[in-house]
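*Asks:* based on what follows, work out the 3D shape:
(chains A and B)
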Amino acid sequence: MSEQQNQQQTATAEQPGYAFKIEGRPDYSFLTVTIPANETLKVEASAMATMDTHINMKTKMKGGLGRWVTGESLFINEFTAEGGPGEIGIAPGPPGDLSHVYLHNEVIFLQNSAYVASTLGVEIETKWQGLKKGFFSGENLFLIRCSGDGDLWFNTYGAIIEIEVNGDYVVDTGHIVAFTEGLDYEVTMLGGYKSLFFSGEGVVCRFNGKGKVWIQTRLVDAMVSWVYPFRRVQKKNTTTSS
Amino acid sequence: MKTEIKGAPTFAYLEVELAPGERIIAESDAMSSMAADMEVTAKLNGGFFRGLLRKLLGGETLFINQFKNESDGNRKLTLVQPWPGDMRQIRLEGNSFYLQPGAFLACSEGVTLGLKWAGLVSFIAREGLFKLAVKGTGDVWYGGYGAILEREIDGEYIVDTSHLIAYEPSIQLKLQLAGGFFSSLFGGEGLVTRVVGKGKIMIQSRSIPGLTGWLNPKLWG
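*Replies:* Predicted coordinates:
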């Protein structure tokens, strides 16, 4: 039978927040959160897989138009457990792992597709990275800024590695999932133009300061360019008959 | 017959060892390797018309393969499913079990595959008009995309249709909107299934809509 390393957590004094468990780790992690009575959990649109019948779903246009630009789907759904505690199961889209942090008036930046769920005390907003950082990072011009007090769950494509940074640390841009505020970062080239074109490494993100970085062990873009040549395409100039 | 699910949970496969004279029935494209002297017979999936129905409406194939060990020693074969993910075994003792289209992998002798009218609800949810009912006495193997999780239902529970893979006959499915009209339309959840009754359901931790929703925006062009 399958061996699964499951993470189960209940609220304690040191670890406030909602009780949750993560099953199917690390390849196909699935998050189950128990929402206390009449409280609300924010979940990435279309990630809900199961829930109790007394949980009510509402679609909010959080972040407004900014979310169009970030490439994140426009909506975050709010799930409220009406009248009693309720359980919700959440399945991220990509194969990979899930991570949980509890924010104590802290700020974490997420790569734009990493957001999974958060409690109401966590404010979610999109933040412009600046043209150079955003553009050259090859990812997106925006990051998701999560601040405040509460639970936050995010997902990765592939396995997740948590790295304590003290000083300088270099991460390939596509591998960044999240990082704490207080880390300064800049997008630099690894060893000049020659290596940009020939080494396959090119642009990296150089973090500086003290904090934490979460990285994922696979790249979406690498996956895409790996499968892309094999994609079935409909030939142009042919009439579809059906 | 000795069987073991290996490679789980990401790339599960079923290893089968047949004693002389034993046989196993498997989905038509499931065999990935086997002993050379294994006898393979393609069989219509329960008669031509019923097989055809199953293919057209149940999401299964028209033919299924029977592997029989005609030699005098133990022989092995391995069976796989098309997608990455886990597999499960269920033992039937005269009872039945429902599988969503595509989930079936293999069964031992004594198990019959039947189509059951799943209702309009299932059709609207794009899960097909029919569901596969396995019944009899023996073992059934089935699989899903991602990890497979078991949920014990007593009362009512909501499951996204793309995550449900199997359930006990004591469970009924009802379709409903995930939220209000606006939320269901724009919230990306759309229609969900309300499972009602007392029994077990099996869900997969990933879904095709989840995968395509993640990957499609990256496939430029």
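*Asks:* can you classify the nearest residue to residue B:176 once chain neighbours are set aside as helix, strand or coil?
*Replies:* Nearest residue to residue B:176, sequence neighbours excluded (Cβ to Cβ, 6 or more residues apart in numbering or on different chains): residue B:194, at 5.3 Å. No exception for glycine: its C-beta is placed from N, CA and C like everyone else's. At residue B:194 the chain is in strand, as set by DSSP: H, G, I helix; E, B strand; the rest coil.
*Asks:* would you map the helices across chain B?
*Replies:* In chain B, the segments counted as helices under DSSP state H are B:48-58, B:120-124, B:181-186, B:208-215.
*Asks:* residue ranges with poor pLDDT in the chain?
*Replies:* I went with chain A, as the question did not name one. Within chain A, the stretches with pLDDT under 70 are A:1-15, A:60-75, A:128-141, A:191-202, A:235-242.
*Asks:* can you look at chain B instead?
*Replies:* Confidence mapping of chain B against pLDDT under 70 gives the ranges B:45-62, B:118-130, B:178-190, B:220-221.
*Asks:* residue nearest the centroid of it?
*Replies:* residue B:103 (1.6 Å; Cα atoms, centre = their mean).
*Asks:* tell me if I'm right that that residue and residue B:132 touch.
*Replies:* Yes - judged on Cβ atoms under 8 Å, residue B:103 makes contact with residue B:132 at a distance of 7.5 Å.
*Asks:* list the contacts for the residue nearest the centre of chain A?
*Replies:* What sits nearest the mean C-alpha location of chain A, by Cα atoms, centre = their mean, is residue A:114, with 1.2 Å. By Cβ atoms under 8 Å, 6 or more residues apart in numbering or on different chains, the contact set of residue A:114 is A:144, A:154, A:155, A:156, A:177, A:178.
*Asks:* make CSV from those residues and add neighbour count to it.
*Replies:* Below are the contacts of residue A:114 laid out as CSV (neighbours: other Cβ atoms under 10 Å in any protein chain shown):
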residue, neighbour count
A:144, 24
A:154, 26
A:155, 28
A:156, 27
A:177, 25
A:178, 25
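*Asks:* from the residues you listed, pick the one nearest residue A:51.
*Replies:* Distance to residue A:51 across these (Cβ to Cβ) is lowest for residue A:155, with 18.3 Å.
*Asks:* contact partners for residue B:156?
*Replies:* A:53, B:194, B:195, B:196.
*Asks:* excluding its backbone neighbours, what's nearest the first one?
*Replies:* In other words, residue A:53. Leaving aside its chain neighbours, residue A:53 sits nearest to residue B:156 (4.5 Å; criterion: Cβ to Cβ, 6+ apart).
*Asks:* what about the one you found, distance to residue A:54?
*Replies:* Computed as Cβ to Cβ, to the nearest Å, the residue B:156 to residue A:54 distance reads 9 Å.
*Asks:* same question, residue A:184
*Replies:* Going from residue A:184 to residue A:54 by Cβ to Cβ gives 46 Å.
*Asks:* can you get me a residue count around residue B:133?
*Replies:* By other Cβ atoms under 10 Å in any protein chain shown, 18 other residues sit near residue B:133.
*Asks:* repeat that for the one 3 residues further on.
*Replies:* Taking other Cβ under 10 Å as the criterion, the count of residues near residue B:136 is 18.
*Asks:* right, and it touches residue B:93 too?
*Replies:* No - the pair residue B:136 / residue B:93 is not scored as a contact, 9.2 Å apart, by Cβ under 8 Å.
*Asks:* ok, now which ones touch residue A:50?
*Replies:* By Cβ under 8 Å, 6+ apart, the neighbours of residue A:50 are A:32, A:87, A:88, A:89, B:151, B:157, B:158, B:159, B:160, B:163, B:203.
*Asks:* tell me the spacing between the fifth one and chain A.
*Replies:* The one in question is residue B:151. Using Cβ to the nearest Cβ, to the nearest Å, we find residue B:151 at a distance of 7 Å from chain A.
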